[in-house]
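S.K.: heads up, no residue letters with this:
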């Protein structure tokens, strides 16, 4: 029986995708590779949120937050959904916490799990086990929604039902044709229908 839903944040709740390349406009001396390295360190708690954010100018973050939008169809899904919702994201917590308030969707989520606080990141199995332990659910009682197939693969192997949010009709980390989620969606307004089907 499905009892809860775990949702990724960027590319699922928020329309924001990768911030690396756009932020380069504000940091001409910071390479994309270095920017990725900084994020990969910060997302597992290797530096404080303040240390991470200090690598970019104030106007860069002002632009970033001004671009915050919910994913297409998200509000329709949230308003109709009846199951407990949790965010499970590889991210920097202060960014998610501020953005989720800008978007006005905090009250829809029972709890927010961010990798920098857990010091674990997807697709690591331990990331999911830690969250399942905290919410006191088994993998078989959860549907996991993400826009990256490599994260869905781990969740599915553990026994979760999985839904791929296909933002580009091409997985950003390669074709991953051998990874087959239980369902696929482009507009999140279709999620409730898919969740009902996967719960039967």
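M.R.: Okay, I see it. Quantities reported herein were computed from a predicted structural model and do not represent experimental measurements.
S.K.: Return the residues in contact with the residue lying closest to residue 99 once chain neighbours are set aside.
M.R.: Sequence neighbours aside, residue 68 is the residue nearest to residue 99 in space, at 5.0 Å (criterion: Cβ to Cβ, 6 or more residues apart in numbering). C-beta here means a position set from N, CA and C on the backbone, and glycine is covered the same way. Applying Cβ atoms under 8 Å, 6 or more residues apart in numbering to residue 68 gives the contacts 14, 15, 16, 99, 102, 103.
S.K.: Could you say which of those residues is surrounded by the most neighbours?
M.R.: With neighbours set by other Cβ atoms under 10 Å, the maximum within the contacts of residue 68 is found at residue 14, which has 24 neighbours.
S.K.: what separates that residue from residue 130, distance-wise?
M.R.: Distance, residue 14 to residue 130, using Cβ to Cβ, to the nearest Å: 22 Å.
S.K.: same check, this time on residue 168
M.R.: 30 Å.
S.K.: And residue 180, by the same measure?
M.R.: 26 Å.
S.K.: These two: which has the busier surroundings?
M.R.: Set residue 180 next to residue 130 and count neighbours by other Cβ under 10 Å: residue 130 wins out with 16 against 13.
S.K.: and the next element down the chain from the stretch of helix or strand the more buried one belongs to?
M.R.: Residue 130 belongs to helix 125-135 when assigned by DSSP states H and E. Note on helix 125-135: by DSSP H and E, the next helix or strand toward the C-terminus is strand 142-146.
S.K.: Sheet partners, orientation included, of that next one?
M.R.: strand 4-7 (parallel), strand 161-165 (parallel) (DSSP bridges).
S.K.: Ok, which of these comes nearest residue 34?
M.R.: Nearest of the strands paired with strand 142-146 to residue 34, taken as Cβ to Cβ: strand 161-165 at 28.4 Å.
S.K.: where along this protein do the helices fall?
M.R.: Using DSSP state H, the helices found in the chain span residues 20-23, 32-42, 49-53, 58-66, 74-80, 93-103, 115-118, 125-135, 149-158, 191-199.
S.K.: between those helices, which gets nearest to residue 10?
M.R.: Per Cβ to Cβ, nearest to residue 10 of the helices of the chain: helix 93-103, 8.3 Å.
S.K.: Tell me where the model's unsure across this structure.
M.R.: Counting by pLDDT under 70, the chain contains low-confidence residues at 17-20, 169-177.
S.K.: Which segments of it make up each domain?
M.R.: 4-15+69-199, 20-66 (automatic domain parsing).
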